[in-house]
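Peer 1: Pasting the sequence and the predicted coordinates here, then a few questions.
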Protein chains: 2
Amino acid sequence: MRDFLPADVRRREYVIRVIKQVYERYGFEPLETPAVENIETLLGKYGEEGNQLIFKILKRGIHETSGEADLALRYDLTVPLARVVAEYRDQLPKFFKRYQIQPVWRADRPGRGRFREFYQCDVDILGSRSMVVEAELIAAASEALVELGFSDFTIRLNHRQALTGMLLAAGVPLEKHDATLVALDKLDKIGRQGVAKELTERGVSDESGERLLQFFVELQSLEHAADIASGEDAKIKQKAINAAVLGRLIEFLGANELGARGVEELRSVVEFCGSFDVGQHLKIDPSLARGLSYYTAAIMEIAVKDLAGSLGGGGRYDNLVGMFLGQDVPACGFSLGLERIIVVMGEREMFPPEVIAAPADVMVTISSEDLIGTSLKLAHDLRSAGLRVDLYPENDKLGKQLKYAAAKSIPLVVIVGEDEMKRGEVSIKDLRSGEQRSVQRGSAADALLMALTQ
Amino acid sequence: MRDFLPADVRRREYVIRVIKQVYERYGFEPLETPAVENIETLLGKYGEEGNQLIFKILKRGIHETSGEADLALRYDLTVPLARVVAEYRDQLPKFFKRYQIQPVWRADRPGRGRFREFYQCDVDILGSRSMVVEAELIAAASEALVELGFSDFTIRLNHRQALTGMLLAAGVPLEKHDATLVALDKLDKIGRQGVAKELTERGVSDESGERLLQFFVELQSLEHAADIASGEDAKIKQKAINAAVLGRLIEFLGANELGARGVEELRSVVEFCGSFDVGQHLKIDPSLARGLSYYTAAIMEIAVKDLAGSLGGGGRYDNLVGMFLGQDVPACGFSLGLERIIVVMGEREMFPPEVIAAPADVMVTISSEDLIGTSLKLAHDLRSAGLRVDLYPENDKLGKQLKYAAAKSIPLVVIVGEDEMKRGEVSIKDLRSGEQRSVQRGSAADALLMALTQ
């Protein structure tokens, strides 16, 4: 877990501000939940591996020595949201559109853009089964990235039921689905032969494995062909690929009804997304599985080429609220990972220069013990005029004070010396140009504001 | 620990925004530290009672069953700051002026404005022993409260060395100081007789107890007298009281050098604060002790009449960084408690109306399955024009959709029906007046922006 010094905080706050503005433009409302949840709220929601990565908090007082935990640190923002919706159902609108930007904690091995404390920027819509929800979420997350300056991301889209249908159609029994998906997920990394070997090891029959691999390899070449055929417009190109993939998927699923319903939903999502500017980014990817166990329908993930892992992801989880409420509430959400976005933005130098601002507009010096009150008063008056003012706290040599301001990149310094005082003046030194001039004390604020805008 | 629904989050964000703006005007820079610290960093910094209130985190993986804790939740923002200053000394300016607004956790019994997860809004200046630092901190915290609309708070100011000097002058041996301060702290609540009894129980000699009580009761009547004598101007009145209290304090301290140094520093702080608008709020209070053990010199606390406990407090802690660095760095800080401020602001109805805003400016309806794409496109275009747009996600009856918008206090609704579509128009319904009119699709954004500013 990391400390964020001022320049880091400014970069983080900039990204959060942009994402928040986009989410609010889509009508999402802010929610915050506590860092700490009851341990039962979290256990069993993230799969066996997830359980292990939860930070658990010791009981307090006389129970401390028991070594037992009753509380735990938030692991994601989705499970707390489901708890909140179950708990405050009466106070929330029928369709609850909320965003939440808060840290979560996982006892994971740290890596590039992966930390044990990290921020998720979540948007979710609860209360509707309409695919309009998926389209709005994809558009909001995508627009946030565009506003931050990203143009080259891919939103991979798949569907849990289409996935189940595919595996059933290939003859993989339900209890082998998880293992099969883990293996298929590695196709890009370890190739066809590698995956085939792993499928065998995981007990998938050679025939089923071969059918699946055949299908995925075929999809890859189909994408490649469409890519070449449809000319230069990225949006049209991606549309053609998606249509071809959907068609092939339906063929493969054959009579599997569950899978066909999933494909129908995928088709709606793609169609609705056509109303937004996400055309060239949205890619149907039948190999996308996503780790979390609570997804029930559409799933999606955003990736850029220069980062392993994703910038964000999400999906539909129509049963999670039911685990708390005893009655299902349909829900779908999308989460952007703040740290990963910042890593890529930093490496690509995407931060606008004003984000790395000086900590103050002006520094006021102290020229003698007797003039401390005068400097304090001047700092006060300049602040009242709206300036961000640093006051050098000690009666040091002027050269030392000026050097300090320069090191902090503060552009302007006001010097209040004995001589100036007698004339009712102060000196303004512009550290960018080195120029120095005297102005009437009463017009110092105006002169500084003017100098700042130059 | 609590959940914050959208209206709560908006109030919290408003207060944080105002405090941040004031802190930045004073040249403070933002810092953030992780929620979780190594347990050794926190233990032994907050006294015995503090140790008990720390939330401790179980070791992970195979060490989990040991029942041991190696990490803990942040208990305040001062100790993490001291750790950061020791760790990043080379990267920080000589005078490090930082603010930090983050949650802390204490396993305390909850009460009014007191929670187990709460936010502290801290400002600290490290690197200088000048009393300019105390004055700037008091001014910044005070100005934050004024900007939030507070006018009736009191900043109580005392000094650890003056306090030690007083107790020594009264003949209380050092090892009885903590117990004596705890008893004296209750003078307002349990009266002179009650405190006398408690002092005896705690092993303070009758003579010492009597001298101290005599002194404090005298101060109270002195304040009362000055209060009456100095007329109506609150600033002049408080100045006279502070001068009288300082005078009486010096008398009482007699030859005690430590105490006299403390009083000299108090005098400087009061003098420097004279340059700011805090005159009528600043009150020297020789009975103020403050719980935390790391303070070494000036201590302060902000209170309002309608809240037991304080809105914030702080002080100088010149030795804390040394516990991490092995070399002392002078430091002084002030912390405002977000939750307490919000409790009082809520009760006094101090929040400006715009803080409780509608979640969106406009809601777009869906008139039929066939028109979903049209509504999505319209929502998209209105958002691009800068409007905050909610889209009703389902093809419900229009009446139901309008009722939903009204319940969410969304002022404007855009209806995209078959008939309107044919004419290239949309209908705008103003839910505040009930009026409805048609406009060209292309000028909908302008018409809505206009209607919003009415």
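Peer 2: Nice, thanks for sending it over. Residues are numbered from 1 along each chain as shown, chains lettered A, B, ... in the order given.

Peer 1: can we go C-alpha only for contacts and neighbour counts from here?
Peer 2: OK.

Peer 1: if I look at the closest residue to chain B within the stretch 51-200 of chain A, how far off is residue B:73?
Peer 2: Proximity to chain B, evaluated over the stretch 51-200 of chain A using Cα to the nearest Cα, is greatest for residue A:67 at 3.7 Å. Plainly put, residue A:67 is 17 Å away from residue B:73 if you go by Cα to Cα, to the nearest Å.

Peer 1: host element of residue A:140?
Peer 2: helix A:132-148 (DSSP states H and E).

Peer 1: ugh, typo on my part, it should be residue A:291
Peer 2: Using DSSP H and E, no helix or strand contains residue A:291.

Peer 1: How many residues are close by it?
Peer 2: 14 (other Cα atoms under 10 Å in any protein chain shown).

Peer 1: swap in residue A:309?
Peer 2: Using other Cα under 10 Å, residue A:309 has 15 other residues around it.

Peer 1: now do residue A:323
Peer 2: Count around residue A:323 with other Cα under 10 Å applied: 16.

Peer 1: How about the secondary structure of it?
Peer 2: With DSSP: H, G, I helix; E, B strand; the rest coil as the basis, the three-state label of residue A:323 is helix.

Peer 1: quick one: contacts for it?
Peer 2: Going by Cα atoms under 8 Å, 6 or more residues apart in numbering or on different chains, residue A:323 touches no other residue.

Peer 1: Look at it and report its pLDDT.
Peer 2: You'll see residue A:323 listed with a pLDDT of 91.

Peer 1: So which residues on the stretch 51-200 of chain A come close to chain B?
Peer 2: Within the stretch 51-200 of chain A, the positions adjacent to chain B are A:52-53, A:55-58, A:60-61, A:65-69, A:84, A:93, A:107, A:117, A:128, A:130, A:132-133 by Cα under 8 Å from any Cα of the partner chain.

Peer 1: got the contact list for whichever residue of the stretch 301-450 of chain A sits closest to chain B?
Peer 2: Closest residue of the stretch 301-450 of chain A to chain B, Cα to the nearest Cα: residue A:388 (3.9 Å). Applying Cα under 8 Å, 6+ apart, we find residue A:388 in contact with A:359, A:360, A:361, A:362, A:382, B:24, B:25, B:26, B:27.

Peer 1: which ones are touching the fifth one?
Peer 2: Taking Cα under 8 Å, 6+ apart, we find residue A:382 in contact with A:388, A:389, A:444, A:445.

Peer 1: Just these: which are in helices?
Peer 2: A:444, A:445 (DSSP state H).

Peer 1: Which one (most neighbours) among the contacts of residue A:382?
Peer 2: The contacts of residue A:382, ranked by neighbours (other Cα under 10 Å): first place residue A:389, 28 neighbours.

Peer 1: Could I get the full set of helices for the stretch 251-400 of chain A?
Peer 2: A:257-273, A:320-325, A:338-347, A:372-384, A:398-407 (DSSP state H, counting those that start in this stretch).

Peer 1: picking that back up, put together TSV for the contacts of residue A:388, with distance to residue A:172 on each row.
Peer 2: Formatted as TSV, the contacts of residue A:388 follow (distance: Cα to Cα, whole Å):
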residue	distance to residue A:172
A:359	61
A:360	64
A:361	66
A:362	69
A:382	73
B:24	61
B:25	65
B:26	66
B:27	64
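
Peer 1: Show me which of the residues you listed is closest to residue B:139.
Peer 2: residue B:26 (9.1 Å; Cα to Cα).

Peer 1: if we can go back for a sec, who has more neighbours, residue A:67 and residue B:73?
Peer 2: A side-by-side neighbour count of residue A:67 and residue B:73, using other Cα under 10 Å, places residue B:73 first with 24 against 17.

Peer 1: I'd say the more buried one and residue B:54 touch.
Peer 2: Yes - here residue B:73 reaches residue B:54: they are 6.8 Å apart, a contact under Cα atoms under 8 Å.

Peer 1: so what sits against both of those two?
Peer 2: Shared contacts of residue B:73 and residue B:54, defined by Cα under 8 Å, 6+ apart, comprise residue B:105.

Peer 1: Next, count neighbours for the residue in the stretch 151-300 of chain A that chain B sits nearest to.
Peer 2: As assessed by Cα to the nearest Cα, chain B sits closest to residue A:275 within the stretch 151-300 of chain A, at 4.8 Å. By other Cα under 10 Å, 22 other residues sit near residue A:275.

Peer 1: Run through the residues that contact it.
Peer 2: So residue A:275 contacts B:373, B:374, B:376, B:377, B:380 (Cα under 8 Å, 6+ apart).

Peer 1: Find me the pLDDT at the last one, would you?
Peer 2: So that's residue B:380. 95.

Peer 1: For it, which residues are in contact?
Peer 2: A:275, A:276.

Peer 1: Name the next helix or strand downstream of the helix holding residue A:140, please.
Peer 2: Tracing the chain past helix A:132-148, the next element assigned as helix or strand by DSSP H and E is strand A:154-159.

Peer 1: could you give the mean pLDDT of that following strand?
Peer 2: Mean pLDDT, computed over strand A:154-159, is 96.

Peer 1: Same question for stretch A:102-115.
Peer 2: Stretch A:102-115 comes out at a mean pLDDT of 88.
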